[in-house]
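S.K.: I'd like to go over a predicted model; first the sequence, then the structure.
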Amino acid sequence: MNDDPRAVQFVGAGPGAADLLTVRAARLLADADLVLYPGSYLDPEVLGHCSPSAELIDTEHLDLDAIVDSLVEGHRTGRRVVRLVSGDPSVYSALSEQTRRLDAAGVPWTVTPGVPAYAAAAARVGRELTVPLVAQSVVLTRTQQRSTAMPGTESLKTFASTRSTLVLHLAITRIRELMAEVTPDYGSDCPVVVVYRASQPQEMVLRGTVADIADSVEGAGLRQAAVILVGRALAGRPHPEAGQSYLYDPARDRSAKRQEGGR
């Protein structure tokens, strides 16, 4: 973490709810003189953490160069700058693109994590995404449509073949064709959950299966800001195939002072 108090702060805004920011994020917003935020994905109440005197810039209609120019200018004029990103900066935030430009401009920066949208979605429906003997991996991915090209090694078919819990971002407008693509591996009866604007006032939760979730999504008219969860771990409790975590198994040897954790 950069200790420079004037470093540009990239801050995860969480899934949208004003009370799902970290304590550090709220403090940074309160201290900021300039805040750039993603208006199309953020509950306006999040900005209530900002000082009334702070300048607020909605980046919805700005390109990358315009955003970075504002960050650089804010830093060079001695202001405390926060760049809010939806969810967590580690996923689909354009963090690497912005920080490369800041490095080239000699502007220090640091990152504060946030609650990712998929975690908020899983919490909303009360599901653990890693159930023993059912799924022990979570794949976070997206699809390509009017967006950055996907690497050739990261096809949905490749990920689906693992039968891990699948989290699809930026994919809601293609849900019908995507469900057809994962059917051979997950099965038509596999549970699917779609959460629109998780934790925000407009939140909507749709539950279904690979076979029928597209009908629900299209019927609801969802076009953005939704995360799709696919996998057997989403089934209702008790899960018929679920095992017991080794970590809490009564047969586990707990005599050693230090043991490597197990799932």
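M.R.: Arrived safely, thanks for sending. Numbers count the residues shown, from 1 in each chain.

S.K.: how about the helices in the protein?
M.R.: All helices of the chain, identified by DSSP state H, fall at 23-31, 64-76, 95-104, 117-124, 156-160, 175-186, 213-220.

S.K.: ok, and for stretch 159-175, which residues are buried?
M.R.: Neighbour-count burial for stretch 159-175 flags 159-160, 163-175 (criterion: 16 or more other Cβ atoms under 10 Å). For every residue, glycine as well, the C-beta is placed using N, CA and C.

S.K.: mean confidence score for it?
M.R.: Stretch 159-175 shows a mean pLDDT of 94 in the predicted model.

S.K.: Can you check the distance spanned by that stretch, start to finish?
M.R.: Using Cα to Cα, to the nearest Å, the end-to-end distance of stretch 159-175 comes out at 16 Å.

S.K.: Give me whichever of the helices of the chain is most buried.
M.R.: Of all the helices of the chain, helix 117-124 has the most neighbours on average by mean count of other Cβ atoms under 10 Å, namely a mean of 22.

S.K.: what's the distance between that one and the middle of its chain?
M.R.: Relative to its parent chain, helix 117-124 has a centroid offset of 9 Å by Cα atoms, centre = their mean, to the nearest Å.

S.K.: Show me what that helix is packed against.
M.R.: When contacts are defined as 3 or more Cβ pairs under 8 Å, 6 or more residues apart in numbering; DSSP states H and E, helix 117-124 sits against strand 165-169, strand 191-196, strand 226-230.

S.K.: for those, which one sits closest to residue 204?
M.R.: Residue 204 lies closest to strand 191-196 among the helices and strands packed on helix 117-124, at 4.2 Å (Cβ to Cβ).

S.K.: Give me the contacts around that closest one.
M.R.: 117, 120-121, 124-125, 127, 172, 175, 179, 202-210, 213, 216-217, 220, 222, 225-232, 234-235 (Cβ atoms under 8 Å, 6 or more residues apart in numbering).

S.K.: Ok, stretch 23-33 next?
M.R.: Residues contacting stretch 23-33 (Cβ under 8 Å, 6+ apart): 9, 11-14, 21, 35, 46-47, 49-51, 53-55, 74, 79-82, 84, 112, 114.

S.K.: buried subset of those residues?
M.R.: Using 16+ other Cβ under 10 Å as the burial test, these include 9, 11-14, 21, 35, 46-47, 49-50, 54, 74, 79-82, 84, 112, 114 as buried.

S.K.: Sort out for me which of those residues are in strands.
M.R.: Of these, the ones assigned to strands by DSSP state E are 9, 11-12, 35, 81-82, 84, 112.

S.K.: Looking at these, spot the one nearest residue 136.
M.R.: When these are ranked by distance to residue 136 (Cβ to Cβ), residue 12 comes first, at 25.5 Å.

S.K.: Surely residue 189 touches residue 213?
M.R.: No. Counting by Cβ atoms under 8 Å, residue 189 stays clear of residue 213, with 11.5 Å between them.

S.K.: Now do the shared contacts for these two.
M.R.: Common neighbours of residue 189 and residue 213 (Cβ under 8 Å, 6+ apart) do not exist.

S.K.: Contacts only, for the residue lying closest to residue 112 once chain neighbours are set aside.
M.R.: Nearest residue to residue 112, sequence neighbours excluded (Cβ to Cβ, 6 or more residues apart in numbering): residue 11, at 4.6 Å. Contact analysis of residue 11 by Cβ under 8 Å, 6+ apart lists 25, 28-29, 82-85, 89, 111-112, 114.

S.K.: Include distance to residue 154 and pLDDT when you put these into CSV, please.
M.R.: CSV is the format used below for the contacts of residue 11 (distance: Cβ to Cβ, whole Å; pLDDT from 0 to 100):
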residue, distance to residue 154, pLDDT
25, 30, 97
28, 33, 97
29, 34, 97
82, 32, 98
83, 27, 98
84, 28, 97
85, 22, 95
89, 20, 96
111, 24, 98
112, 28, 97
114, 24, 96
